[in-house]
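Engineer: take this sequence and fold it.
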Amino acid sequence: MEEKELRKQCLKLMDAADAVYLTTISKDGFPHTRVMGNLRNKQQCRASTELFAQHSEDFLIYMLTGHSSAKMQQIRANSKVSVYFCNPAECHYLMLIGNAEEITDPSLKKQLWQDEWKMHWPSGPDDPEFVLLRLLPVFAKGWYKEGPFEFKIK
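Structural biologist: From the prediction side, this is the model:
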């Protein structure tokens, strides 16, 4: 498959996947993987529709977490992460790698905010525990229908 079409299919997977799996590295050097909400999925995060409309052809990823969480401690110590999207029914798997960064822009946090998250961050988008992570991946690797693929991003 041509790389342009493969990239398009990968972006469709990112927009449709129910979850994204984030892997960080602990201080003892072991990977830790956990499921995260997929903010690119419009059914899960209606507020992200406008933001991702501006990023429909790139691989930008935002994730939410708590400031004092283990994943944030790991990211502060080593920002190298991987994220994984999958659709087993279509034999489509995508791993993206890059450096995660904490975004402190209050207007972006408010733009993405959804009231159902108050169970985690009672003070809303201004809650000091509410953290917005951004990943601008540099490399993609995975499997799509007929076989493996990999490509650099940017």
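Engineer: from here on, contacts and neighbour counts on C-alpha atoms
Structural biologist: Noted.
Engineer: what's the burial count for the spatially closest residue to E3 that is not a sequence neighbour?
Structural biologist: Computed as CA to CA, 6 or more residues apart in numbering, the closest residue to E3 that is not its neighbour in sequence is F151, at 8.0 Å. Residues lying near F151 (other CA atoms under 10 Å) number 14.
Engineer: right, and F151 touches F139 too?
Structural biologist: Yes: the criterion here is CA atoms under 8 Å, and F151 meets it with F139 at 6.0 Å.
Engineer: tell me where this structure has helices.
Structural biologist: 3-16, 49-53, 70-77, 106-112 (DSSP state H).
Engineer: so, low pLDDT: which residues of this protein?
Structural biologist: 46-47, 49, 52-56 (pLDDT under 70).
Engineer: who is the residue nearest the centre of the chain paired with across the strands?
Structural biologist: Note on the chain: the residue nearest the mean C-alpha position is I61, at 3.9 Å, using CA atoms, centre = their mean. For I61, the beta-bridge assignment (DSSP bridges) gives partners L135.
Engineer: rewinding a little: and the helices of the chain: which comes nearest D127?
Structural biologist: The closest of these to D127 is helix 106-112. By CA to CA, the value is 10.3 Å.
Engineer: buried residues of the closest one, list them for me.
Structural biologist: K109, L112 (16 or more other CA atoms under 10 Å).
Engineer: and that helix, how far from the chain's centre?
Structural biologist: 16 Å (CA atoms, centre = their mean, to the nearest Å).
Engineer: what lies in contact with that helix?
Structural biologist: C45, A47, S48, P125, D126, L132 (CA atoms under 8 Å, 6 or more residues apart in numbering).
Engineer: show the contacting residues for the residue nearest to E3.
Structural biologist: E3, F139, A140, K141.
Engineer: so A19 touches M63, yeah?
Structural biologist: No: with contact defined as CA under 8 Å, A19 does not count as touching M63 (10.6 Å).
Engineer: cool, thanks, talk later.
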